[in-house]
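Novice: Sequence first, predicted coordinates after that:
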Amino acid sequence: MAAAAETQPVVLKESAATKMVRFLSRTPVYLLLAFLGVLWLVPTFGLFFTSLIDPAEIGTTGWWEILSKPSAATFDNYREIFNNEDITSALWTTILVALGGTILPIIVAAFAAYGFAWLEFPGRDWLFLVVVALLVVPIQMAFIPLFSLYNDLGIFDSVLGLILFHTAFGLPFAIFLLRNFFIGIPRDLLEAARIDGASEFRIFFRLILPLGLPAIASLAIFQFLWVWNDLLVALVFARDTQPITVAIFSQMRQFSANIELIAPAAFVSLAIPLVVFFAFQRYFVQGLLAGSVK
Amino acid sequence: MTVEAQRAEAPQPGPPPEAYRGSLWERYGITALFLAPALIFLAVWIVYPTISTIIRSFYDREGDTFVGVDNYETLFTDDTLRTAIKNNFLWLLIVPAFVTAIGLVFAVLLERVRFSTAFKVAVFMPMAISLFAAGVIWRLMYEKDPEQGTVNAAVAVVKDAVSPSGVLSNARASTETLQGGPEGGFELKDAIQPGKVAQLGLTAIREDDVPEGAAQAVVPEPLSGGITGVVWRDFKPGGGTPGELEEGELGLPGVTVELRDDGGSQVADTTTEPDGTFRFEDVESGTYRAAIGPETFQTPYAGVSWLGASLILPSIMIAYIWVWAGFSMVVIAAGLAAIPRDLLEAARTDGANEWQVFRRVTVPLLAPVLSVVFITMIIYVLKVFDIVVSVAPGAVQDDANVIARAMWVRFGAGDHGVSAAIAVFLFLLVLPVLAINIRRFRREV
């Protein structure tokens, strides 16, 4: 013991010195990371500060000038876009489409996923494979036929039309994910419920949905962002019922002239996803990996 | 983990228990209720359109006449479509590799520091933003005017440090006594000896461009053994007489004046006072010429046109890499965390240096993760659309064309035959990559 007590301080000293050396050797790495981090933030902050420039000066002022005189910052541009009916109605459309395009596919997919996981019927696994295979179809494949179909059904240029499109193309992945999650629910639980005489619907609502909540939540976040951020589907299937992305896009023909509208509107459109991102960071990467097959 | 091993572990759906009630038909009826909504959606929105689009791609613009593979031929003969395919190919070649490499570098750097969360959040944040909004952000970054565009402003700062722009970028000589041009500077035609006064009149200087602090110009007293002179704005409201220094005409301060000998080489230089005067003292006797150096006329930096036809493609790619680097970093960092520390330690103990450890141990062990990122990026890059149409101004969108945009443009123009062919082409490109991806997915989940 005495020997140990003697050697210990020596070890400590060494490690302190080593720590110091290590810290110093890491300083360049810290500096590099700090530089890169700032570099990555600059573009987004640039948009935000631009949106705060006085409308009269926005075309001639760089956003960094706001940093040197913060008193010049104003929310006038925001006030302006929230008084602009085109923008507010576009925001409203985006909210409706994103909510509908999230809730509907999840309900439909959850039903189907339960069927594929726990109901027995001939050809089930084969059918499931077909559903998963539909993941490979790019949305472009659907534009032309659905354009005619939407016109015939009278849902072209409507919130409903957009929701239905996002629902259909969200389904293969949603079914795939939920089915794989539902299968992990212990068989005993289901059998007990069935023996007790619960109907399949009861089992679905009382057992499967509550137990499947984690998977449903991460799916919901990803689907919500997917729909909220969409530009292409809306460009094809909406004309006057524009979501915010299309409304901004149509102003970009004259980018510099419309910057006092584009900058705040773009920032509003990305603020919601940012909030969702910061609130649910951990679900994110998983969803993105999944998105690649969409 | 192998597929077999996972199959064995995963609970398998089996036949329902004996107690399962109801007739066969009743059970199938319930099953149908669960599946029908999804199957209807998939049939109407995906299966039917896919088949229909494939058929449509063999018909002409209006869809009346069967044209065989004509639409597919157009794909490879039409200029804008060929640009689109060529550009998408460049995207494929450059972007996935860059995104993966940058993600790897970031992840490895992160490994070495303790407080990395802030950095992670900063780099990952663009992932939450739509690619369209990211496009708007970068469109703003790339504005040509250095007063507006961040990228050019940054370049201008560097450039100004290297060669500052002059005080009088557009000035010209007011009379023919002063010769030359902005490139070499202006020089007085008549030679001058010590004790004389040189008058260098400039014009075409806008009110705003007159250097700050300029005062009424004066003709300085001659200096024995030296040369004095004045540089002034030979113009006053109302005109004035060229070549004559009059009341109301301003001196030009901060101008570099050179004294050149007979051979034309510079013997001295100085800068002017607020009233435009300058003086060279102790000048050896001889003949000289007074001149205004070219640095005075250096034009301010006008900015690189990032959004011009020649740079638009790399500009968009940079924006895209900015978005995706965070994804790559986070996935690779997770893979890195899963590598057993002892393996790296063992390599270090065996005398490998950090680079060797990275190259021979870390990277091979990360290969599966790197390929996940790479393949994911390939698929996203094949379908790239939003960021192209948002970063590129309308005039250069054809130069930045990609397959997805070409399809949309043809669709909008009512050319549904070619549009369908482009969609099928995209489908065929994505198909093999996705097959790999889905196989991987099934293995993982």
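Specialist: Perfect, I can see it now.
Novice: remind me which residues of the chain are low pLDDT?
Specialist: Reading this off chain A. In the predicted model, chain A carries pLDDT under 70 at residues A:1-15, A:17, A:20, A:22-24, A:282-294.
Novice: let's do chain B instead
Specialist: B:1-22, B:163-167, B:169-170, B:181-183, B:239, B:299-300, B:434, B:437-438, B:440-445.
Novice: In space, not sequence, find me the middle residue of it.
Specialist: B:Ser315 (3.0 Å; C-alpha atoms, centre = their mean).
Novice: give me phi/psi at the residue nearest to that residue when sequence neighbours are not counted?
Specialist: If the residues on either side of it in the chain are set aside, B:Ser315 comes closest to B:Trp306, at 4.5 Å by C-beta to C-beta, 6 or more residues apart in numbering or on different chains. For the C-beta atoms, the positions are set from N, CA and C on the backbone; glycine is no exception. The main-chain torsion angles of B:Trp306 are listed as degrees, to the nearest 10 and equal phi -60, psi -30.
Novice: I'd say the residue nearest to the centre of chain B and B:Ser390 touch.
Specialist: No. Here B:Ser315 does not reach B:Ser390: they are 11.8 Å apart, not a contact under C-beta atoms under 8 Å.
Novice: if we can go back for a sec, check contacts around the residue nearest to the centre of chain B.
Specialist: With contact set as C-beta atoms under 8 Å, 6 or more residues apart in numbering or on different chains, B:Ser315 has these partners: B:Trp138, B:Tyr142, B:Trp306, B:Leu307, B:Val391.
Novice: Quick one: which of those residues is the most crowded by neighbours?
Specialist: For the contacts of B:Ser315, neighbours were counted using other C-beta atoms under 10 Å in any protein chain shown, and B:Val391 has the most, 31 neighbours in all.
Novice: which residues does it contact?
Specialist: Residues near B:Val391 by C-beta under 8 Å, 6+ apart: B:Gly135, B:Trp138, B:Arg139, B:Tyr142, B:Leu307, B:Ile312, B:Ser315, B:Ile316, B:Ala319, B:Ala400.
Novice: Out of those residues, which sit inside helices?
Specialist: Using DSSP state H, the members of the contacts of B:Val391 that fall in helices are B:Gly135, B:Trp138, B:Arg139, B:Ile312, B:Ser315, B:Ile316, B:Ala319.
Novice: Now render those as TSV, adding distance to A:Leu235.
Specialist: As requested, those are arranged in TSV below (distance: C-beta to C-beta, whole Å):
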residue	distance to A:Leu235
B:Gly135	13
B:Trp138	19
B:Arg139	17
B:Ile312	20
B:Ser315	22
B:Ile316	18
B:Ala319	19
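Novice: from those, which single one is nearest B:Val255?
Specialist: Lowest distance from B:Val255 to these (C-beta to C-beta) belongs to B:Ser315, with 38.2 Å.
Novice: And that closest one, how close does it get to chain A?
Specialist: 12 Å (C-beta to the nearest C-beta, to the nearest Å).
Novice: surely A:Ala234 meets A:Pro243?
Specialist: Yes. Between A:Ala234 and A:Pro243 there is a contact at 4.9 Å, judged by C-beta under 8 Å.
Novice: Touching both of those two, which residues are there?
Specialist: Counting by C-beta under 8 Å, 6+ apart, the residues touching both A:Ala234 and A:Pro243 are A:Val97, A:Leu162.
Novice: Compare these two (neighbour count), which wins?
Specialist: The residue with the greater number of neighbours, taking A:Ala234 and A:Pro243 and applying other C-beta under 10 Å, is A:Pro243; the counts read 30 against 27.
Novice: Show the contacting residues for the more buried one.
Specialist: Residues counted as contacts of A:Pro243 (C-beta under 8 Å, 6+ apart) are A:Ala90, A:Thr93, A:Thr94, A:Val97, A:Leu162, A:Asp230, A:Ala234.
Novice: And the closest residue to it other than its chain neighbours, how close does it get to chain B?
Specialist: On the basis of C-beta to C-beta, 6+ apart, the spatially nearest residue to A:Pro243 that is not a chain neighbour turns out to be A:Thr94, at 4.1 Å. Summarising the geometry, the distance separating A:Thr94 from chain B, computed by C-beta to the nearest C-beta, is 11 Å.
Novice: Could you confirm A:Thr94 falls within a strand?
Specialist: No. Under DSSP: H, G, I helix; E, B strand; the rest coil, A:Thr94 falls outside any strand and is assigned helix.
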